[in-house]
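[1] sequence plus the predicted model coming up.
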Amino acid sequence: MKIGYPCINHTLTCQGSRTFRLKSYSVQNLIEKVENNLDCLQQILKYNLKHNILFFRMTSDLVPFASHPINRFDWQGFFKKKFRTVGQFIKKHDMRISMHPDQFTLINSLNRIIFQRSLKELHYHAEILDSMELNTSAKIQIHVGGVYNDKTKSIKRFIKRYKNIHDKIKRRLVIENDDRSYCLRDCLLLHEQTRIPIVFDVFHHSVNNAGEDLDESFALFTKTWRRKDGIPMVDYSHQKRGGQKGQHATTLNKRVFRNFLCQTKPYDFDIMLEIKDKEKSALEAIKIASGDERFKEL
DNA sequence: TCACGTCAAGCAGAT
DNA sequence: ATCTGCTTGACGTGA
């Protein structure tokens, strides 16, 4: 069991995920920003290592506009050494990495152009992880996509398109149950046809499910991961106190988290904490988990 | 230095 | 019709 947080670190002063406007695009600008982003990533990873945080979701903004037609720059070649160095650090310390392309990445879109754009975006994510020479336990997680008033058809469209996707993407792609359209049961249906592993989002499941309790859910989704995929991944969050239904919590509720660890005792998995205060909650979670025999110490 | 309009991209649900 | 959330606000112009 490893515990982590997504994308940015609020303790460090470095500004990660620095991007710029399309209007100010230039190769010079791109190089500058990528350099900054990679430096910042390195700082974050160092911080994480120091604090026993061995799971991290890298921002999709490492290379701004990488999948946009405006980009004709060979950033993979230019930054080859730097990506490799970061990757070596990750591997040396046995860290786990994931990425989460944003909501515009839709394999099952009705619009073929959106699908094509999404492939490019996925390709970009795969290139990042490949440049770091990480194995296939480093994953790219997406949601199933839109429903378009016909879930059955939309799932079928996903499966059909998935089958022709390049293996470079496929070997890293995992799907996550979401909070309104595709629940765990839908993802399992998709898994049967595609063998895609499922990232289980605890919070999404609590608001969108087909009646499975936590234990049943874990029994089901953990089976979708094979050895080469690494151990199963879980996105963890809970309801923001006093906030609107579905809003992510701003700080970790320790009692609820302790209870969650207790309820899932029979299973080993890595936890991505989707809590607004990021590394602060990760540190709390690690404190709580450190008594747990599943938890991985340095 | 700071305020604030705007930023590549889509969908669903709430208002 | 318009706004909001999504994994993360932050860029950059104009005063």
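    Structure's in. What do you need? Numbers count the residues shown, from 1 in each chain, chains lettered A, B, ... in the order given.
[2] give me the low-pLDDT residue ranges for chain A?
    By pLDDT under 70, the low-scoring segments of chain A are A:16-17, A:242-246, A:298.
[3] which residues of the stretch 51-200 of chain A lie near DNA strand C?
    Within reach of DNA strand C by C-beta under 7 Å from any atom of the strand, the stretch 51-200 of chain A has these residues: A:57, A:59, A:60, A:61, A:100, A:101, A:102, A:103, A:179. In short, each C-beta sits where N, CA and C put it, glycine included.
[4] show me which pair in the residues you listed is furthest apart.
    Greatest spacing in those, by C-beta to C-beta: A:61 and A:179 (23.4 Å).
[5] you'd agree residue A:209 is up against residue A:184?
    Yes. Shown here, residue A:209 and residue A:184 form a contact pair, counting by C-beta atoms under 8 Å, at 6.3 Å.
[6] report the set of residues contacting both of the two.
    Common contacts of residue A:209 and residue A:184, defined by C-beta atoms under 8 Å, 6 or more residues apart in numbering, comprise residue A:217.
[7] the more surrounded of the two?
    Ranked by neighbour count (other C-beta atoms under 10 Å), residue A:209 and residue A:184 place residue A:184 first, with 23 against 15.
[8] ok, the residue lying closest to the more buried one once chain neighbours are set aside - how many residues close by?
    In this structure, residue A:184 finds its nearest non-sequential neighbour in residue A:177, 4.6 Å apart by C-beta to C-beta, 6 or more residues apart in numbering. Residue A:177: 27 surrounding residues under other C-beta under 10 Å.
[9] wait, residue A:177 touches residue A:203, no?
    No. Taking contacts as C-beta under 8 Å, residue A:177 lies outside contact range of residue A:203: 10.0 Å.
[10] for DNA strand C, give me its nearest residue in the stretch 101-250 of chain A.
    residue A:102 (2.4 Å; C-beta to the nearest atom of the strand).
[11] what secondary structure does the residue lying closest to that residue once chain neighbours are set aside sit in?
    Leaving aside its chain neighbours, residue A:102 sits nearest to residue A:60 (6.1 Å; criterion: C-beta to C-beta, 6+ apart). Following DSSP: H, G, I helix; E, B strand; the rest coil, residue A:60 is assigned to coil.
[12] residues contacting residue A:60?
    By C-beta under 8 Å, 6+ apart, the contact set of residue A:60 is A:99, A:100, A:101, A:102, A:125.
[13] please pick the buried ones from those residues.
    Among those, those scoring as buried are A:99, A:100, A:101, A:125 (criterion: 16 or more other C-beta atoms under 10 Å).
[14] among those, which pair sits farthest apart?
    Farthest apart among the buried ones among the contacts of residue A:60 - using C-beta to C-beta - are A:100 and A:125, which lie 8.9 Å from each other.
[15] list residues touching both of these two?
    With contacts taken as C-beta under 8 Å, 6+ apart, residue A:100 and residue A:125 have A:60, A:140 as neighbours in common.
[16] the stretch 151-298 of chain A: strands as residue ranges?
    For the stretch 151-298 of chain A, strands defined by DSSP state E, counting those that start in this stretch occupy the ranges A:173-176, A:198-201, A:233-236, A:270-273.
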